[in-house]
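Colleague: Could you look at this predicted model? Sequence included:
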Amino acid sequence: MLGARGFLGSHLLVYLESKGFDVLGCTEDIRNRDLIEPYFKNADIVINAAGETKKIKDRNACHTTNVLGTKNIIYLCLENNCKLIHFSSTSRKMAYGKSKQASQQDVQDASTNLGLRAIILRLCPIVTLDDPLMVWGRRYPIEDLVRDIEKIIETHDFNKFKLIDYQKFKHSQYEESSNLHKPRT
């Protein structure tokens, strides 16, 4: 898993390990292909939770990490026959949102044109269930996201490209059969 020290990556790493998954957390800079390449050897699924989040207005920082770094990931997945779970963003503002949208398009293009086996999760802001921001809408709890990813790993047919847009969901779980999120009862 790339971005294992970040908010998403660290929660996901702990969760998947607790469920018995063999997860290798990568904290290397995804812009440096040589540093991340060993993480793709013998990997079945690569989760890209890496991204520039501190300098969200810095066009160059966002572009080099979120776009060029993602291109490294795409080509390493193709070379090593890895499946990819890629985190994008519903944000379209500032350099961060634009770079995440560009990286999303690169993953989608590689899936269509090069045979990359991938799923994209277009995430709205992710917070913990007890975060006060949860009540404002357009937020999604990390506690649900980690379960969604577990279900994706267990059930998704990576031979079919898929993009899931989390903008509309507050609390839900991944459901392969309907290609939608089903609200919890």
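Modeller: Ah, there it is. Numbering: from 1, shown residues only.
Colleague: tally of neighbours for residue 109?
Modeller: Neighbour count of residue 109, defined by other C-beta atoms under 10 Å: 12. In this view, the C-beta of every residue, glycine as well, is placed from N, C-alpha and C.
Colleague: Dig out what the residue most central in space within the chain forms beta bridges with.
Modeller: With distances taken as C-alpha atoms, centre = their mean, the residue of the chain nearest its centroid is residue 87 (2.3 Å). Beta-bridge pairing for residue 87 (DSSP bridges): residue 121.
Colleague: Can you mark which positions in the longest helix along the chain are buried?
Modeller: Counting by DSSP state H, the longest helix found in the chain is helix 94-114. For helix 94-114, the neighbour count (16 or more other C-beta atoms under 10 Å) marks 95-104, 106-108, 110-111 as buried.
Colleague: out of the residues you listed, who's nearest residue 123?
Modeller: Proximity of the buried residues of helix 94-114 to residue 123 (C-beta to C-beta) peaks at residue 100, which lies at 9.0 Å.
Colleague: my read: the closest one touches residue 94, true?
Modeller: No - the pair residue 100 / residue 94 is not scored as a contact, 10.1 Å apart, by C-beta atoms under 8 Å.
Colleague: so where's the protein shaky on pLDDT?
Modeller: 56, 128-129, 131-138, 168-185 (pLDDT under 70).
Colleague: That one: helices as residue ranges?
Modeller: With helices called from DSSP H, the chain shows them at 7-18, 33-36, 59-62, 69-80, 94-114, 142-155.
Colleague: Can you lay out those as a markdown table showing distance to residue 123?
Modeller: Converted to a markdown table, those look like this (distance: least, C-beta to C-beta, whole Å):
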| stretch | distance to residue 123 |
| --- | --- |
| helix 7-18 | 8 |
| helix 33-36 | 21 |
| helix 59-62 | 16 |
| helix 69-80 | 15 |
| helix 94-114 | 9 |
| helix 142-155 | 8 |
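Colleague: so which of those helices gets nearest residue 49?
Modeller: helix 7-18 (3.7 Å).
Colleague: what helices or strands is that closest one leaning on?
Modeller: When contacts are defined as 3 or more C-beta pairs under 8 Å, 6 or more residues apart in numbering; DSSP states H and E, helix 7-18 packs onto helix 142-155.
Colleague: Go through the helix it packs on and flag the buried ones.
Modeller: 142, 144-150, 152-153.
Colleague: now, which of those sits nearest residue 1?
Modeller: Of all the buried residues of helix 142-155, residue 1 sits closest to residue 149, with 9.8 Å by C-beta to C-beta.
Colleague: okay but that closest one is in contact with residue 45, surely?
Modeller: No - the pair residue 149 / residue 45 is not scored as a contact, 9.7 Å apart, by C-beta under 8 Å.
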